[in-house]
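Asker: I would like the atomic coordinates for the input below:
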Amino acid sequence: MKGIPLSALLGLTITLLYFAMAILAPLIAPYGMSEIVGDVWEPASAEYWLGTDNLGRDLLTRMIYGGRNTIFVASMATALSFSLGAILGFTAAVYGGWIDQLMARFNDLVMSIPTLIFALVVLSVMPVTLPVLILVMGLLDSTRVFRLSRAVAVDINVMDYVEAARLRGEGQRWVIFREILPNALSPLVAELGLRFIFAILFISTLSFLGLGIQPPNADWGGIVKENREGIVYGIPAALMPALAIVTLSISVNLVADWALNRTTSLKGGRGV
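Answerer: Okay, the predicted model is just below:
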């Protein structure tokens with residue numbers, strides 16, 4: 001692909017491969033997600049490409065379905081955090097005054113509580129379902145997006161083209177979505193990649209601690225937890241999902257860096 005550096009092309013290829021596997025999981029998985037097909041921790045073979053897990057299930061199948069669940073939850077949580085955080089951050093910057101101070105101080109209060117501890121407390125008293133996981137992760141992560149979007153919007157809000165839009169009689173909604181948002185793309189795109197990576201790590205951590213995606217459903221953090229005892233015996237089953245998390249995180253980061261450079265080259269200093 002012309003104009004794309006090799007690192008970004010590699011990252012984009014690996015990222016698209018993971019997403020394609022997640023979308024096509026029922027079609028490409030060799031066995032059922034919870035189907036026991038062999039003995040415990042069988043080595044890799046022509047029949048089981050990655051071997052079997054702690055219950056005799058095909059590890060490749062678990063990895064494919066685990067990637068599907070992990071990517072879905074992380075994507076939905078990231079979309080929620082950006083939609084909520086960016087809109088509230090822009091709103092606080094545009095309206096200013098006591099509205100800005102009230103929203104900013106509440107955001108600081110939530111951010112002062114460690115995210116993982118907050119999530120563990122909430123999930124320990126609520127049913128651990130996919131919608132609840134997405135909601136909790138999205139709301140907690142939106143505080144980081146709010147802080148960034150507010151800081152960027154405060155600087156853009158005093159630009160001449162924003163004042164010109166107000167003098168034309170444009171409302172606050174126009175200013176937020178047609179003046180501030182297009183000119184805040186560069187830092188938001190970079191933050192989008194980071195938030196998605198942190199969402200992958202977050203859901204994997206929650207599952208490893210037993211409060212993420214619940215068995216028999218698979219996700220990468222849960223597969224690590226299920227097979228962690230095999231590491232003592234030299235069984236690599238727990239290392240496979242860890243490798244998947246690392247490669248996806250690096251790939252998304254490479255794409256985000258390239259997207260940041262692309263959006264930085266966009267014309268600034270004017271509304272769209």
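Asker: Leaving out the residues flanking it, which one is nearest to the residue nearest the centre of the chain?
Answerer: In the chain, the C-alpha nearest the mean C-alpha coordinate belongs to Phe196, at 2.2 Å (C-alpha atoms, centre = their mean). In space, and not counting its chain neighbours, Phe196 is closest to Thr78: 4.7 Å by C-beta to C-beta, 6 or more residues apart in numbering. C-beta coordinates here come from the backbone N, C-alpha and C atoms, glycine included.
Asker: For the helix or strand harbouring the one you found, buried residues please.
Answerer: In the assignment (DSSP states H and E), Thr78 maps to helix 59-95. If you call a residue buried by 16 or more other C-beta atoms under 10 Å, then helix 59-95 has these buried ones: 59-82, 84-94.
Asker: For that helix, which helices and strands make contact with it?
Answerer: helix 6-23, helix 25-28, helix 97-111, helix 130-156, helix 172-174, helix 185-208, helix 220-227, helix 239-264 (3 or more C-beta pairs under 8 Å, 6 or more residues apart in numbering; DSSP states H and E).
Asker: Can you name the element that comes right after the fourth one?
Answerer: In other words, helix 130-156. That would be, after helix 130-156 and using DSSP H and E, helix 160-167.
Asker: what comes up buried for that following helix?
Answerer: For helix 160-167, burial by neighbour count (16+ other C-beta under 10 Å) applies to 162, 165.
Asker: taking the mean pLDDT, what do you get for it?
Answerer: Averaging pLDDT along helix 160-167 yields 82.
Asker: isn't there a helix covering Pro30?
Answerer: No - counting by DSSP: H, G, I helix; E, B strand; the rest coil, Pro30 falls outside a helix, being coil.
Asker: Nice, that's everything, thank you.
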